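**Student:** sequence below, structure please.
(one chain, ligands or ions: 1)
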Amino acid sequence: MAGDNHRLVVVSNRVGPLSDEGKAGGLAVGLADALRRRGGLWFGWSGQITPEGTGSEIRVEEHGHTALKTIDLSEQEIEGFYFGYANRSLWPLLHYRLDIAAFDRESERVYRAVNRRFAERLTPLLEADDLVWVHDYHFFFLGQELRKAGYDGRLGFFLHIPFCPPDMLTALPASQDLVRAMLDFDVIGFQTDNDRRNFVAFCTQEFGAEDIDGDRLRTADGRIVRASAFPIGIDAEGFAEFAVSDEAREHERMVGSISHGRHQIVGVDRMDYSKGIVERFRGYELLLEDNADLRGQTQFLQVAPLSRGEVEAYADLRVELEGLAGNINGRFATLDWNPIQIMVNGFTRRALAGIYRAAQICMVTPLRDGMNLVAKEFVAAQDRADPGVLILSRFAGARAELPEALIVNPYSPDDLARALRQALEMPLEERQRRHEAMRARVFANTAHNWCETFLAVLDAPAERDLQPRSW
Ligand code: G6P
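**Tutor:** Residues are numbered from 1 along each chain as shown. The predicted structure follows:
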């Protein structure tokens, strides 16, 4: 295994669960797979809000050869760092939603302070030959802060969400500081080549970095930083096993009992405006509007666990989606048929695998998404003999690896309705052919391979060691 003789230290805002039972999101699933296999330290937020905040005692949980160490956040820290800068400024902006991104000085200040506090708390736990791997948009300044705190070991960063084009990013006050801080990492990973190109374009346009060969940048002060795409995967075998577990079978049966043999369509997303759920509902409505023959023939189940409810855009979305679902049912329902159902509670991963397996069609239609692991999980969960159809947004990172899905423009209800009709009519042989091609890729590029590929690069003899450091 790459870097086996080095301890792996993972840093992310959410830590755990290490078990595969939780309702974890994309990031946690990928990392838990990696840490379960290699062991190491996982450092982050405890999930607790206490007056001590980042000054709290470190909470420690040992799980075999992996330790989870976490600190709390205070009310003021969670507001400025997590709800404020991370989720009101960076999340919408990096998902190309400049129209709803809100910027305020106090949130930015708290975000930077929390990054500094995390660096101060983590530094005493580090050893010189650790591989430190920082994750996601909560910690853009952490590499720089770790350097300032004196850490000189290998530092990697992976961005799980998109990186928007430079013209958009420059709308963020102090965007240069943020991107410059990223350059203190030795290796910077993105989900797709598009994201990497946007990052490199920012660095070359905004501070004259030199693009050496696409994967390496020479900064103005002469250091070399590696920036590459490392598309994340899932534990495909494990997930396929989930799909035939007792719990999955029970859920598959329950879905079957609500659909009464109708074509089952599913969507599974955190309730987030980036996921394109509003447009998806409109596409489904249009399908029913334009195709009277399909009324009574389809059943749409949208699973949308609530997320970040204190951010207004999320609370508004819930109201909008429940209204839309109500309208669709009001328009088309009959005594024995409700065309659409939305559920805001989460499911275990085994239950989800059963829901995917029960579906003939899965709609993964984000307006913008780093990767989207639902697409990969749906593929892994299908019955190979009679697989369902994946409808996939052209703006999901997963599109690069899953071109055999029905690729749609998620902004266009017409396009969505057309794809739904095509999926409903697709012959078995075509479904099998498309599914086998996608399945092969989902099983080849796993979470394990993603992790090992990144760590092999992080562990490689570094160009930076040949360069004087400037900080
Ligand atoms: C996305 C992000 C993760 C985040 C997850 C859940 O997958 O990339 O960093 O943890 O959403 O969001 P939450 O705000 O609940 O952590």
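
**Student:** now residue 66: how far from residue 10?
**Tutor:** Separation of residue 66 from residue 10 (CB to CB, to the nearest Å) stands at 9 Å. Placement of C-beta: from N, CA and C, glycine included.

**Student:** for residue 344, same thing?
**Tutor:** Counting by CB to CB, the gap from residue 344 to residue 10 is 30 Å.

**Student:** between the two, which is the more surrounded one?
**Tutor:** Legend: neighbour count by other CB atoms under 10 Å for residue 344 and residue 10, higher for residue 10 (25 against 14).

**Student:** the residue nearest to residue 67 when sequence neighbours are not counted: which element?
**Tutor:** Leaving aside its sequence neighbours, residue 67 sits nearest to residue 41 (CB to CB, 6 or more residues apart in numbering; 5.2 Å). Residue 41 is part of strand 40-49 when elements are defined by DSSP states H and E.

**Student:** mind giving me the packing neighbours of the helix or strand just after that strand?
**Tutor:** Going down the chain from strand 40-49, the next helix or strand is strand 59-63, by DSSP H and E. Under the contact criterion of 3 or more CB pairs under 8 Å, 6 or more residues apart in numbering; DSSP states H and E, strand 59-63 touches strand 66-73.

**Student:** 10 Å instead, please
**Tutor:** The helices and strands touching strand 59-63, judged by 3 or more CB pairs under 10 Å, 6 or more residues apart in numbering; DSSP states H and E, are strand 40-49, strand 66-73.

**Student:** out of these, flag the one nearest residue 459.
**Tutor:** Minimum separation from residue 459 across the helices and strands packed on strand 59-63 (CB to CB) falls at strand 40-49, 13.3 Å.

**Student:** just checking: what are the partner strands of that closest one?
**Tutor:** Strand 40-49 sits in its sheet next to strand 8-14 (parallel), strand 66-73 (parallel), going by DSSP bridges.

**Student:** how near is the nearest residue to residue 193 once chain neighbours are set aside to the ligand?
**Tutor:** Using CB to CB, 6+ apart and skipping residues adjacent in sequence, the residue nearest residue 193 is residue 229, 4.7 Å away. Distance of residue 229 to the ligand, computed by CB to the nearest ligand atom, to the nearest Å: 16 Å.

**Student:** which stretches of the stretch 301-450 of the chain form strands?
**Tutor:** Taking DSSP state E, counting those that start in this stretch to define them, one finds strands in the stretch 301-450 of the chain at 340-343, 361-364, 389-393, 406-408.

**Student:** pipe those strands into JSON lines and attach mean pLDDT, mean neighbour count and distance to the ligand per row.
**Tutor:** What follows is these, written out as JSON lines (pLDDT from 0 to 100; neighbours: other CB atoms under 10 Å; distance: least, CB to the nearest ligand atom, whole Å):
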{"stretch": "strand 340-343", "mean pLDDT": "97", "mean neighbour count": "18", "distance to the ligand": "18"}
{"stretch": "strand 361-364", "mean pLDDT": "98", "mean neighbour count": "28", "distance to the ligand": "14"}
{"stretch": "strand 389-393", "mean pLDDT": "98", "mean neighbour count": "28", "distance to the ligand": "16"}
{"stretch": "strand 406-408", "mean pLDDT": "98", "mean neighbour count": "21", "distance to the ligand": "22"}
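
**Student:** domain assignment for this structure?
**Tutor:** Domain segmentation of the chain under the TED database yields 8-233+447-465, 236-444.

**Student:** contacts only, for residue 115.
**Tutor:** By CB atoms under 10 Å, 6 or more residues apart in numbering, the contact set of residue 115 is 54, 81, 85, 134, 138-146, 181.
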